[in-house]
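[1] with the sequence up front, the predicted model follows.
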Amino acid sequence: MKKIAIQLLALAMSVSSGFAQAPARPSGTPATQNTQGTQGAPARQGGQQATAASRAAAEEVVVRLVADRIINDIKFGFVGTTSGKTYTSAKEIPAGEQVRLAHEQAGWGYTNGVLNIALLDLSDYLKDPKYAEWVKRHLAQGLENYKEFQARAPQGGNQFGMLYRQIHTMRELDDCGAMGASVLELMNRFSYPQYREYVDRAANHVFSVQVRMADGTLARTFPNNLTLWADDLYMSVPLLARMGRLTGDKKYFDDALRQVFQFTKYLWDAEDELYHHGWFDDLKCNAGAYWGRCNGWIMVAQVQLLNILPKDHPQREALINNLRRQLMGIMKYQNGKGVWHQILDKNDSYAESSASAMFVYCIARAINEGWLDRRYATVATAGWNGIKREFITETGDMKNVCPGTGIENDLVFYYSRPARTNELHGLGALLEAGLEMIRLRASGITR
(Lines give C-alpha, C1' and ligand atoms only; values in the text may rest on other atoms or scores of the structure.)
Protein backbone atom coordinates (compact mmCIF):
# COMPACT_ATOMS: atom_id res chain seq x y z
CA MET A 1 0.00 0.00 0.00
CA LYS A 2 2.82 2.39 0.86
CA LYS A 3 4.48 1.71 -2.49
CA ILE A 4 1.21 2.34 -4.32
CA ALA A 5 0.69 5.59 -2.41
CA ILE A 6 4.18 6.75 -3.36
CA GLN A 7 3.59 5.93 -7.03
CA LEU A 8 0.24 7.72 -7.07
CA LEU A 9 1.73 10.78 -5.40
CA ALA A 10 4.61 10.89 -7.86
CA LEU A 11 2.13 10.78 -10.74
CA ALA A 12 -0.03 13.45 -9.15
CA MET A 13 2.95 15.71 -8.55
CA SER A 14 4.02 15.48 -12.17
CA VAL A 15 0.58 15.85 -13.72
CA SER A 16 -0.57 18.75 -11.57
CA SER A 17 2.70 20.59 -12.02
CA GLY A 18 2.34 20.43 -15.79
CA PHE A 19 5.26 18.09 -16.52
CA ALA A 20 3.44 14.85 -17.33
CA GLN A 21 3.26 13.81 -20.97
CA ALA A 22 -0.12 13.51 -22.58
CA PRO A 23 -1.36 9.88 -22.55
CA ALA A 24 -0.88 7.95 -25.78
CA ARG A 25 -3.94 7.34 -27.95
CA PRO A 26 -5.31 3.79 -27.88
CA SER A 27 -4.18 1.71 -30.83
CA GLY A 28 -6.26 2.38 -33.91
CA THR A 29 -7.66 5.69 -32.68
CA PRO A 30 -7.25 8.30 -35.42
CA ALA A 31 -5.83 11.73 -34.77
CA THR A 32 -8.26 14.63 -34.98
CA GLN A 33 -8.56 15.88 -38.56
CA ASN A 34 -9.13 19.56 -39.30
CA THR A 35 -9.06 19.76 -43.06
CA GLN A 36 -11.72 22.50 -43.18
CA GLY A 37 -10.48 24.47 -40.16
CA THR A 38 -13.70 24.04 -38.17
CA GLN A 39 -13.72 20.58 -36.61
CA GLY A 40 -10.61 21.10 -34.50
CA ALA A 41 -12.16 23.61 -32.10
CA PRO A 42 -14.57 21.16 -30.45
CA ALA A 43 -11.77 18.64 -30.23
CA ARG A 44 -9.46 21.16 -28.61
CA GLN A 45 -12.22 22.16 -26.21
CA GLY A 46 -12.81 18.55 -25.32
CA GLY A 47 -9.09 18.05 -24.82
CA GLN A 48 -8.90 21.08 -22.55
CA GLN A 49 -11.79 19.78 -20.49
CA ALA A 50 -10.13 16.39 -20.22
CA THR A 51 -6.88 18.03 -19.18
CA ALA A 52 -8.64 20.11 -16.53
CA ALA A 53 -10.35 17.02 -15.17
CA SER A 54 -7.09 15.05 -15.10
CA ARG A 55 -5.28 17.85 -13.31
CA ALA A 56 -8.06 18.08 -10.74
CA ALA A 57 -7.95 14.31 -10.27
CA ALA A 58 -4.19 14.48 -9.74
CA GLU A 59 -4.59 17.11 -7.04
CA GLU A 60 -7.23 14.94 -5.40
CA VAL A 61 -4.67 12.13 -5.09
CA VAL A 62 -2.36 14.45 -3.15
CA VAL A 63 -5.09 15.80 -0.89
CA ARG A 64 -6.50 12.37 -0.14
CA LEU A 65 -3.04 11.06 0.67
CA VAL A 66 -2.61 13.77 3.33
CA ALA A 67 -6.17 13.53 4.64
CA ASP A 68 -6.13 9.75 4.88
CA ARG A 69 -2.83 9.79 6.74
CA ILE A 70 -4.33 12.21 9.26
CA ILE A 71 -7.50 10.27 9.97
CA ASN A 72 -5.63 6.98 10.11
CA ASP A 73 -2.90 8.27 12.42
CA ILE A 74 -5.00 10.21 14.95
CA LYS A 75 -6.74 7.63 17.12
CA PHE A 76 -9.47 8.21 19.69
CA GLY A 77 -9.83 6.99 23.25
CA PHE A 78 -7.74 7.17 26.42
CA VAL A 79 -4.67 5.31 27.67
CA GLY A 80 -3.63 4.79 31.29
CA THR A 81 -0.31 6.56 31.87
CA THR A 82 1.02 3.77 34.09
CA SER A 83 -1.15 0.75 33.26
CA GLY A 84 -1.16 1.22 29.51
CA LYS A 85 -4.78 0.09 29.39
CA THR A 86 -7.02 1.63 26.76
CA TYR A 87 -10.50 3.03 27.33
CA THR A 88 -13.08 4.24 24.83
CA SER A 89 -15.08 6.25 27.38
CA ALA A 90 -14.12 8.28 30.44
CA LYS A 91 -16.71 6.36 32.48
CA GLU A 92 -14.69 3.17 31.96
CA ILE A 93 -11.61 4.66 33.65
CA PRO A 94 -11.17 3.41 37.25
CA ALA A 95 -11.07 5.99 40.03
CA GLY A 96 -7.56 7.28 40.54
CA GLU A 97 -6.30 6.16 37.15
CA GLN A 98 -4.41 8.88 35.30
CA VAL A 99 -4.92 8.82 31.55
CA ARG A 100 -3.77 10.58 28.43
CA LEU A 101 -5.31 10.83 25.01
CA ALA A 102 -4.71 7.87 22.72
CA HIS A 103 -3.16 10.40 20.33
CA GLU A 104 -1.80 13.76 21.40
CA GLN A 105 -3.46 15.49 18.44
CA ALA A 106 -6.97 14.33 19.34
CA GLY A 107 -7.55 17.09 21.89
CA TRP A 108 -9.65 20.25 22.00
CA GLY A 109 -7.31 22.96 20.74
CA TYR A 110 -8.01 25.64 18.17
CA THR A 111 -5.90 23.73 15.65
CA ASN A 112 -8.32 20.81 15.96
CA GLY A 113 -11.11 23.17 14.99
CA VAL A 114 -9.29 24.25 11.84
CA LEU A 115 -8.70 20.61 10.89
CA ASN A 116 -12.32 19.63 11.57
CA ILE A 117 -13.69 22.35 9.30
CA ALA A 118 -11.27 21.37 6.54
CA LEU A 119 -12.26 17.70 6.77
CA LEU A 120 -15.96 18.61 6.64
CA ASP A 121 -15.33 20.76 3.56
CA LEU A 122 -13.38 17.92 1.98
CA SER A 123 -16.11 15.41 2.79
CA ASP A 124 -18.69 17.64 1.10
CA TYR A 125 -16.70 18.30 -2.06
CA LEU A 126 -15.44 14.77 -2.58
CA LYS A 127 -18.74 13.25 -1.45
CA ASP A 128 -16.79 10.96 0.83
CA PRO A 129 -18.43 10.50 4.25
CA LYS A 130 -15.36 9.06 5.99
CA TYR A 131 -13.92 12.51 6.64
CA ALA A 132 -17.13 13.81 8.21
CA GLU A 133 -17.45 10.61 10.24
CA TRP A 134 -13.98 11.20 11.67
CA VAL A 135 -15.00 14.72 12.73
CA LYS A 136 -18.14 13.35 14.37
CA ARG A 137 -16.03 10.94 16.41
CA HIS A 138 -13.56 13.63 17.39
CA LEU A 139 -16.23 16.03 18.64
CA ALA A 140 -18.13 13.26 20.41
CA GLN A 141 -15.00 12.20 22.29
CA GLY A 142 -14.76 15.65 23.81
CA LEU A 143 -18.37 16.63 24.32
CA GLU A 144 -19.45 13.22 25.63
CA ASN A 145 -16.55 12.80 28.08
CA TYR A 146 -15.51 16.21 29.42
CA LYS A 147 -18.03 16.24 32.28
CA GLU A 148 -16.54 13.05 33.69
CA PHE A 149 -13.07 14.61 33.74
CA GLN A 150 -14.50 17.80 35.18
CA ALA A 151 -16.15 15.86 38.02
CA ARG A 152 -12.87 14.12 38.85
CA ALA A 153 -10.77 17.29 38.83
CA PRO A 154 -9.63 18.71 42.19
CA GLN A 155 -11.84 21.62 43.14
CA GLY A 156 -10.11 24.97 43.15
CA GLY A 157 -6.90 23.50 41.71
CA ASN A 158 -5.05 24.21 38.51
CA GLN A 159 -7.06 22.55 35.76
CA PHE A 160 -4.78 23.34 32.84
CA GLY A 161 -3.53 19.75 32.63
CA MET A 162 -7.03 18.29 32.70
CA LEU A 163 -8.35 16.68 29.54
CA TYR A 164 -10.92 18.87 27.76
CA ARG A 165 -10.69 21.64 30.34
CA GLN A 166 -11.25 24.16 27.47
CA ILE A 167 -14.84 22.97 27.10
CA HIS A 168 -15.91 24.20 30.51
CA THR A 169 -13.17 26.69 31.51
CA MET A 170 -13.26 29.09 28.58
CA ARG A 171 -10.57 31.63 29.45
CA GLU A 172 -9.35 32.86 26.08
CA LEU A 173 -10.55 32.83 22.49
CA ASP A 174 -8.14 29.95 21.85
CA ASP A 175 -10.28 27.78 24.11
CA CYS A 176 -13.54 28.07 22.23
CA GLY A 177 -13.47 30.10 19.01
CA ALA A 178 -12.17 27.65 16.43
CA MET A 179 -13.56 24.55 18.11
CA GLY A 180 -16.93 26.24 18.53
CA ALA A 181 -16.86 27.10 14.83
CA SER A 182 -16.17 23.46 13.94
CA VAL A 183 -19.05 22.23 16.10
CA LEU A 184 -21.33 24.76 14.40
CA GLU A 185 -20.10 23.56 11.02
CA LEU A 186 -21.00 19.98 11.95
CA MET A 187 -24.41 21.12 13.21
CA ASN A 188 -25.04 22.88 9.91
CA ARG A 189 -24.73 19.53 8.13
CA PHE A 190 -26.18 17.07 10.64
CA SER A 191 -28.66 17.14 13.50
CA TYR A 192 -26.82 17.54 16.80
CA PRO A 193 -29.19 19.48 19.08
CA GLN A 194 -27.29 18.15 22.11
CA TYR A 195 -24.33 20.33 21.10
CA ARG A 196 -26.33 23.57 21.16
CA GLU A 197 -25.56 24.25 24.83
CA TYR A 198 -21.83 24.15 24.10
CA VAL A 199 -21.94 26.49 21.10
CA ASP A 200 -24.15 28.94 23.00
CA ARG A 201 -21.56 29.09 25.79
CA ALA A 202 -18.73 29.48 23.30
CA ALA A 203 -20.54 32.27 21.48
CA ASN A 204 -21.33 34.00 24.76
CA HIS A 205 -17.66 33.96 25.69
CA VAL A 206 -16.60 35.51 22.38
CA PHE A 207 -19.44 38.01 22.23
CA SER A 208 -19.83 39.02 25.88
CA VAL A 209 -17.03 37.71 28.12
CA GLN A 210 -13.69 38.02 26.31
CA VAL A 211 -11.77 41.16 27.24
CA ARG A 212 -12.03 44.02 24.75
CA MET A 213 -10.43 47.36 24.17
CA ALA A 214 -12.45 50.53 24.73
CA ASP A 215 -13.68 50.52 21.11
CA GLY A 216 -14.86 46.90 21.30
CA THR A 217 -11.84 45.27 19.65
CA LEU A 218 -11.15 41.82 21.06
CA ALA A 219 -7.90 41.58 23.04
CA ARG A 220 -6.02 39.53 25.62
CA THR A 221 -4.54 40.24 29.02
CA PHE A 222 -1.10 38.89 28.07
CA PRO A 223 1.75 39.38 27.41
CA ASN A 224 0.47 42.78 28.55
CA ASN A 225 -3.01 43.94 29.43
CA LEU A 226 -5.07 44.72 26.33
CA THR A 227 -2.73 43.15 23.80
CA LEU A 228 -4.32 42.68 20.38
CA TRP A 229 -3.25 39.42 18.69
CA ALA A 230 -3.67 39.06 14.93
CA ASP A 231 -4.37 35.34 15.54
CA ASP A 232 -7.56 36.23 17.37
CA LEU A 233 -9.38 37.34 14.24
CA TYR A 234 -9.57 33.65 13.35
CA MET A 235 -10.30 32.67 16.95
CA SER A 236 -13.46 34.82 16.88
CA VAL A 237 -14.82 35.71 13.44
CA PRO A 238 -15.50 32.18 12.06
CA LEU A 239 -17.55 31.36 15.17
CA LEU A 240 -19.43 34.68 15.07
CA ALA A 241 -20.26 34.17 11.41
CA ARG A 242 -21.61 30.69 12.01
CA MET A 243 -23.68 31.85 14.97
CA GLY A 244 -25.15 34.49 12.68
CA ARG A 245 -26.09 31.74 10.24
CA LEU A 246 -27.52 29.51 12.99
CA THR A 247 -29.58 32.15 14.78
CA GLY A 248 -30.31 34.67 12.05
CA ASP A 249 -29.28 37.39 14.49
CA LYS A 250 -27.37 40.12 12.63
CA LYS A 251 -25.47 41.12 15.77
CA TYR A 252 -23.03 38.29 15.17
CA PHE A 253 -22.31 39.34 11.59
CA ASP A 254 -21.98 42.97 12.66
CA ASP A 255 -19.49 42.12 15.40
CA ALA A 256 -17.49 39.87 13.05
CA LEU A 257 -17.21 42.70 10.53
CA ARG A 258 -16.31 45.18 13.23
CA GLN A 259 -13.46 42.94 14.32
CA VAL A 260 -12.11 42.67 10.76
CA PHE A 261 -12.02 46.41 10.25
CA GLN A 262 -10.74 47.18 13.76
CA PHE A 263 -7.95 44.61 13.52
CA THR A 264 -7.01 46.15 10.19
CA LYS A 265 -6.98 49.62 11.73
CA TYR A 266 -4.47 48.56 14.39
CA LEU A 267 -2.35 45.96 12.60
CA TRP A 268 -2.23 46.74 8.86
CA ASP A 269 0.89 48.44 7.51
CA ALA A 270 -0.14 50.22 4.33
CA GLU A 271 3.44 50.69 3.14
CA ASP A 272 4.59 47.08 3.49
CA GLU A 273 1.07 45.70 2.86
CA LEU A 274 1.33 43.24 5.73
CA TYR A 275 -0.22 42.79 9.16
CA HIS A 276 1.83 43.12 12.33
CA HIS A 277 1.48 40.27 14.83
CA GLY A 278 0.18 42.45 17.63
CA TRP A 279 -0.69 45.80 19.18
CA PHE A 280 0.16 46.97 22.70
CA ASP A 281 -2.71 49.22 23.68
CA ASP A 282 -0.87 50.66 26.69
CA LEU A 283 2.02 51.80 24.48
CA LYS A 284 -0.13 52.54 21.43
CA CYS A 285 2.30 50.72 19.15
CA ASN A 286 2.61 47.56 17.12
CA ALA A 287 4.23 44.43 18.50
CA GLY A 288 6.03 41.47 17.01
CA ALA A 289 7.06 40.72 13.45
CA TYR A 290 5.33 40.37 10.11
CA TRP A 291 4.83 36.77 11.10
CA GLY A 292 3.62 34.52 8.31
CA ARG A 293 0.88 32.60 10.05
CA CYS A 294 -0.65 35.61 11.80
CA ASN A 295 -1.17 37.13 8.36
CA GLY A 296 -2.71 33.80 7.38
CA TRP A 297 -5.08 33.79 10.35
CA ILE A 298 -6.40 37.23 9.35
CA MET A 299 -6.79 36.19 5.72
CA VAL A 300 -8.58 32.90 6.47
CA ALA A 301 -10.92 34.63 8.94
CA GLN A 302 -12.08 36.99 6.21
CA VAL A 303 -12.56 34.18 3.72
CA GLN A 304 -14.64 32.16 6.16
CA LEU A 305 -16.75 35.21 6.95
CA LEU A 306 -17.36 35.82 3.24
CA ASN A 307 -18.36 32.16 2.85
CA ILE A 308 -21.29 32.78 5.19
CA LEU A 309 -22.08 36.52 5.16
CA PRO A 310 -25.40 37.19 3.40
CA LYS A 311 -24.96 38.33 -0.18
CA ASP A 312 -26.98 41.48 0.46
CA HIS A 313 -25.13 42.59 3.59
CA PRO A 314 -24.23 46.29 3.17
CA GLN A 315 -20.61 45.73 4.22
CA ARG A 316 -19.94 42.70 2.07
CA GLU A 317 -18.21 44.65 -0.70
CA ALA A 318 -16.05 46.49 1.83
CA LEU A 319 -14.97 43.13 3.23
CA ILE A 320 -14.10 41.81 -0.23
CA ASN A 321 -12.03 44.93 -0.88
CA ASN A 322 -10.22 44.51 2.42
CA LEU A 323 -9.42 40.88 1.65
CA ARG A 324 -8.38 41.69 -1.91
CA ARG A 325 -5.94 44.32 -0.64
CA GLN A 326 -4.30 41.78 1.65
CA LEU A 327 -4.16 39.17 -1.11
CA MET A 328 -2.46 41.59 -3.46
CA GLY A 329 0.00 42.57 -0.75
CA ILE A 330 0.97 39.03 0.16
CA MET A 331 1.72 38.09 -3.44
CA LYS A 332 4.85 40.22 -3.56
CA TYR A 333 6.41 38.22 -0.71
CA GLN A 334 6.18 34.86 -2.50
CA ASN A 335 9.70 33.49 -2.97
CA GLY A 336 11.29 31.92 -6.04
CA LYS A 337 10.07 28.45 -5.05
CA GLY A 338 6.48 29.64 -4.79
CA VAL A 339 6.18 29.62 -0.98
CA TRP A 340 6.40 32.16 1.83
CA HIS A 341 8.74 32.69 4.77
CA GLN A 342 8.31 32.46 8.53
CA ILE A 343 8.95 36.22 8.73
CA LEU A 344 7.39 37.44 5.54
CA ASP A 345 9.80 40.27 4.78
CA LYS A 346 12.91 38.31 5.82
CA ASN A 347 14.01 35.84 3.18
CA ASP A 348 16.73 34.53 5.50
CA SER A 349 14.00 33.11 7.75
CA TYR A 350 12.92 29.59 6.85
CA ALA A 351 10.22 28.78 4.31
CA GLU A 352 7.14 27.98 6.41
CA SER A 353 4.37 25.65 5.29
CA SER A 354 1.29 26.60 7.32
CA ALA A 355 1.34 30.24 6.21
CA SER A 356 2.05 29.18 2.63
CA ALA A 357 -0.96 26.85 2.71
CA MET A 358 -3.19 29.58 4.14
CA PHE A 359 -2.20 32.01 1.40
CA VAL A 360 -2.74 29.47 -1.39
CA TYR A 361 -6.10 28.52 0.09
CA CYS A 362 -7.30 32.11 0.26
CA ILE A 363 -6.00 33.17 -3.17
CA ALA A 364 -7.49 30.10 -4.84
CA ARG A 365 -10.75 30.43 -2.93
CA ALA A 366 -11.04 34.10 -3.85
CA ILE A 367 -10.58 33.26 -7.54
CA ASN A 368 -13.03 30.36 -7.39
CA GLU A 369 -15.66 32.58 -5.77
CA GLY A 370 -15.09 35.58 -8.05
CA TRP A 371 -13.64 37.88 -5.38
CA LEU A 372 -10.27 38.06 -7.15
CA ASP A 373 -9.49 38.23 -10.86
CA ARG A 374 -8.64 34.89 -12.41
CA ARG A 375 -5.35 36.17 -13.84
CA TYR A 376 -3.86 35.68 -10.34
CA ALA A 377 -4.42 31.93 -10.58
CA THR A 378 -0.75 31.64 -11.51
CA VAL A 379 0.17 32.81 -8.01
CA ALA A 380 -1.97 30.11 -6.40
CA THR A 381 -0.64 27.48 -8.81
CA ALA A 382 2.99 28.40 -8.17
CA GLY A 383 2.29 28.37 -4.45
CA TRP A 384 0.60 24.97 -4.49
CA ASN A 385 3.31 23.44 -6.63
CA GLY A 386 5.87 24.85 -4.22
CA ILE A 387 4.02 23.40 -1.24
CA LYS A 388 3.93 19.96 -2.82
CA ARG A 389 7.56 20.12 -3.81
CA GLU A 390 8.96 21.63 -0.60
CA PHE A 391 6.66 20.49 2.19
CA ILE A 392 4.63 17.36 1.37
CA THR A 393 6.45 14.04 1.58
CA GLU A 394 5.67 10.96 -0.47
CA THR A 395 3.86 9.46 2.53
CA GLY A 396 1.59 12.48 3.04
CA ASP A 397 3.48 14.16 5.86
CA MET A 398 3.71 17.95 6.08
CA LYS A 399 7.09 19.50 6.87
CA ASN A 400 8.25 22.90 8.13
CA VAL A 401 5.26 23.85 10.27
CA CYS A 402 5.91 26.51 12.89
CA PRO A 403 4.33 25.54 16.25
CA GLY A 404 2.22 27.87 18.40
CA THR A 405 3.92 31.24 18.70
CA GLY A 406 3.43 34.05 21.19
CA ILE A 407 4.07 37.74 20.68
CA GLU A 408 7.61 38.91 21.37
CA ASN A 409 9.43 42.13 20.66
CA ASP A 410 12.59 40.70 19.10
CA LEU A 411 12.82 39.18 15.64
CA VAL A 412 15.22 36.53 16.95
CA PHE A 413 12.27 34.89 18.68
CA TYR A 414 10.45 34.44 15.36
CA TYR A 415 13.61 33.35 13.55
CA SER A 416 14.22 30.74 16.24
CA ARG A 417 10.83 29.05 16.25
CA PRO A 418 11.25 25.37 15.30
CA ALA A 419 9.97 23.89 12.04
CA ARG A 420 8.17 20.60 12.70
CA THR A 421 6.59 17.80 10.73
CA ASN A 422 2.82 17.17 10.97
CA GLU A 423 2.39 19.94 13.54
CA LEU A 424 -1.36 20.42 13.82
CA HIS A 425 -1.13 24.14 13.03
CA GLY A 426 -0.61 23.34 9.36
CA LEU A 427 -2.78 20.36 8.52
CA GLY A 428 -6.21 21.98 8.21
CA ALA A 429 -4.86 24.83 6.08
CA LEU A 430 -3.10 22.34 3.81
CA LEU A 431 -6.33 20.43 3.15
CA GLU A 432 -8.25 23.64 2.47
CA ALA A 433 -5.55 24.78 0.03
CA GLY A 434 -5.62 21.44 -1.75
CA LEU A 435 -9.40 21.46 -1.99
CA GLU A 436 -9.48 24.91 -3.56
CA MET A 437 -6.74 23.88 -5.98
CA ILE A 438 -8.84 20.89 -7.04
CA ARG A 439 -11.66 23.33 -7.78
CA LEU A 440 -9.32 25.70 -9.57
CA ARG A 441 -7.86 22.89 -11.70
CA ALA A 442 -11.35 21.60 -12.53
CA SER A 443 -12.38 25.04 -13.74
CA GLY A 444 -9.71 24.93 -16.43
CA ILE A 445 -8.26 28.30 -15.40
CA THR A 446 -4.84 26.88 -14.55
CA ARG A 447 -2.39 24.96 -16.67
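    Everything's here; your move. As the structure is a computational prediction, the values presented were derived from the model and not from experiment.

[2] now the residue lying closest to residue 212 once chain neighbours are set aside: how far from residue 104?
    In this structure, residue 212 finds its nearest non-sequential neighbour in residue 218, 5.6 Å apart by C-beta to C-beta, 6 or more residues apart in numbering. From N, CA and C alone the C-beta is placed, and that goes for glycine too. According to C-beta to C-beta, to the nearest Å, residue 218 and residue 104 sit 29 Å apart.

[3] for residue 198, same thing?
    Using C-beta to C-beta, one gets 23 Å for the distance from residue 198 to residue 104.

[4] when these two are compared, which one has more neighbours?
    Between residue 198 and residue 104, counting by other C-beta atoms under 10 Å, residue 198 is the more crowded of the two (22 against 9).

[5] report how many residues lie close to residue 267.
    Neighbour count of residue 267, defined by other C-beta under 10 Å: 23.

[6] try residue 298
    By other C-beta under 10 Å, neighbour count at residue 298 equals 27.

[7] next up, the contacts around residue 138.
    74, 76, 106, 112, 116 (C-beta atoms under 8 Å, 6 or more residues apart in numbering).

[8] follow-up on the earlier one: let me know whether the residue nearest to residue 212 touches residue 207 as I believe.
    No. Here residue 218 lies out of contact with residue 207, judged by C-beta atoms under 8 Å, at a distance of 9.8 Å.

[9] which ones are touching residue 294?
    229, 230, 231, 275, 277, 288.

[10] measure it to residue 143 for me?
    Relative to residue 143, and taking C-beta to C-beta, residue 294 is found at 29 Å.

[11] repeat that for residue 436.
    29 Å.

[12] swap in residue 425?
    For residue 425, the distance to residue 143 - C-beta to C-beta - is 23 Å.

[13] more neighbours: which of these two?
    residue 425 (24 against 19).

[14] name the helices or strands packed onto the one helix or strand that one maps to?
    Per DSSP states H and E, residue 425 falls inside helix 424-443. Other elements packing on helix 424-443 under the criterion 3 or more C-beta pairs under 8 Å, 6 or more residues apart in numbering; DSSP states H and E are helix 40-73, helix 110-126, helix 292-308, helix 353-369, helix 377-390.

[15] right, and the helix or strand after the last one?
    If you walk from helix 377-390 toward the C-terminus, the next helix or strand you reach (DSSP H and E) is helix 411-415.

[16] that next one - what's its average pLDDT?
    Per-residue pLDDT over helix 411-415 has a mean of 98.

[17] which parts of it are buried?
    residue 414 (16 or more other C-beta atoms under 10 Å).

[18] what lies in contact with it?
    With contacts defined as C-beta under 8 Å, 6+ apart, helix 411-415 is touched by 288, 289, 291, 342, 343, 346, 349, 405, 408.

[19] need the pLDDT of residue 281.
    97.

[20] what's the distance between it and residue 194?
    The gap separating residue 281 from residue 194 is 39 Å, by C-beta to C-beta.

[21] I'd like to know how many residues surround the closest residue to residue 387 other than its chain neighbours.
    Once flanking residues are discounted, residue 387 sits nearest to residue 356: 5.6 Å by C-beta to C-beta, 6+ apart. Residue crowding around residue 356 was assessed by other C-beta under 10 Å; the count is 31.

[22] run through the residues that contact residue 356.
    Residue 356 neighbours (C-beta under 8 Å, 6+ apart): 292, 339, 340, 383, 386, 387, 391.

[23] quick one: those residues as CSV, columns for pLDDT too.
    Shown next, in CSV, are these (pLDDT from 0 to 100):
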residue, pLDDT
292, 98
339, 98
340, 99
383, 98
386, 98
387, 98
391, 98
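
[24] any of those buried? List them.
    292, 339, 340, 383, 386, 387, 391.

[25] tell me the one of those residues nearest residue 51?
    Residue 51 lies nearest to residue 383 out of those, by C-beta to C-beta, at 20.6 Å.

[26] that closest one contacts residue 335, doesn't it?
    No. The pair residue 383 / residue 335 is not scored as a contact, 10.0 Å apart, by C-beta under 8 Å.

[27] for the stretch 301-447 of the chain, which residues score under the pLDDT cut-off?
    Along the stretch 301-447 of the chain, the parts satisfying pLDDT under 70 run over 447.

[28] contacts only, for the nearest residue to residue 364 once chain neighbours are set aside.
    Counting by C-beta to C-beta, 6+ apart, residue 364 lies nearest to residue 436, which is 3.7 Å off, once chain neighbours are set aside. Neighbouring residues of residue 436 by C-beta under 8 Å, 6+ apart: 360, 361, 364, 365, 368, 380.

[29] wait, the first one sits on residue 382?
    Right, the one you point to is residue 360. No. Counting by C-beta under 8 Å, residue 360 sits too far from residue 382 to count as a contact (9.1 Å).

[30] so between those two, which is more surrounded?
    Legend: neighbour count by other C-beta under 10 Å for residue 360 and residue 382, higher for residue 360 (32 against 20).

[31] return the distance of the more buried one relative to residue 366.
    The spacing between residue 360 and residue 366, counted by C-beta to C-beta, is 11 Å.

[32] excluding its backbone neighbours, what's nearest the residue nearest in space to the middle of the chain?
    For the chain, the residue sitting closest to the mean C-alpha position, by C-alpha atoms, centre = their mean, is residue 429 at 3.2 Å. Spatial nearest neighbour of residue 429, chain neighbours left out: residue 357 (3.9 Å); criterion: C-beta to C-beta, 6+ apart.

[33] ditto for residue 137
    residue 76 (5.6 Å).

[34] for the one you found, grab phi and psi.
    Backbone torsions for residue 76, taken as degrees, to the nearest 10, come to phi -110, psi 160.

[35] that one and residue 343: what is the separation?
    Note on residue 76: its distance to residue 343, by C-beta to C-beta, is 37 Å.

[36] do residue 49 as well
    Residue 49 is 42 Å from residue 343, by C-beta to C-beta.

[37] residue 437 now?
    Distance, residue 437 to residue 343, using C-beta to C-beta: 25 Å.

[38] ok, residue 88 next?
    Using C-beta to C-beta, residue 88 is found at 44 Å from residue 343.

[39] was I right about residue 335 contacting residue 345?
    No. Using C-beta under 8 Å, residue 335 makes no contact with residue 345, being 11.5 Å away.
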